[in-house]
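# fold the stuff below for me.
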Amino acid sequence: MSIKLPVIPLPAIPDRWRKARPLAVTAILAFLVCGNLLFYTPLRLSRLYGLYDVKRAYLEPFLTPEAQKLTPALIIVHIQEDWIEYGRLTELQTPFLDTPFIFIYSRQPETNQAVAAHFPDRHVYHYYPVKAPYTFYLHPSP
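Prediction:
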């Protein structure tokens, strides 16, 4: 048993509206995109500044002339509080490991030495971002 609904024909769209519709859609779309670029996007991007406490100030110890004299270097980052102490520094290296500094997350001393053995042409330094941000140690600090 099926019910047949009556078919009601839609009124024909006048020709002038048919020509104006693409222009109206384009204008509305342009308005929305401009509103997004002028208001919403800057607001969202401003909230990303310093997200997870990642700021340029944490990179400054490696941009000093004294630090540049230590290159090429393998920096073993000893974490005191949180992993982001290491994560902040990854901006200074590439995945190709061809930058002046290569950073590794400190684990066991044996593991650190094994990684250092893969980079014999680099000087190995230990870095404590919270305790001594502008100091590079040749041996782990007690």
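
# use CA for all of it now, contacts and neighbours both
Fine.

# point to the residue nearest the middle of the protein.
For the chain, the residue whose C-alpha lies nearest the mean C-alpha position (Cα atoms, centre = their mean) is Glu91; its distance is 8.3 Å.

# SS state for that residue?
Judged by DSSP: H, G, I helix; E, B strand; the rest coil, the three-state class of Glu91 is helix.

# just use 54 as the starting number from now, easier for me
New numbering, starting at 54: the last item is Glu144.

# show me where this structure has strands.
If you assign secondary structure with DSSP state E, the strands in the chain sit at 126-130, 154-158, 176-181, 185-190.

# go through those and pick out the most buried.
For the strands of the chain, ranked by mean neighbour count under the definition mean count of other Cα atoms under 10 Å, the leader is strand 126-130 at a mean of 22.

# Pro67 versus Pro148, what's the distance?
With the distance defined as Cα to Cα, to the nearest Å, Pro148 ends up 61 Å from Pro67.

# in JSON lines: the strands of the chain, plus mean pLDDT and distance to Gln166.
JSON lines is the format used below for those (pLDDT from 0 to 100; distance: least, Cα to Cα, whole Å):
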{"stretch": "strand 126-130", "mean pLDDT": "92", "distance to Gln166": "10"}
{"stretch": "strand 154-158", "mean pLDDT": "92", "distance to Gln166": "11"}
{"stretch": "strand 176-181", "mean pLDDT": "92", "distance to Gln166": "9"}
{"stretch": "strand 185-190", "mean pLDDT": "84", "distance to Gln166": "15"}
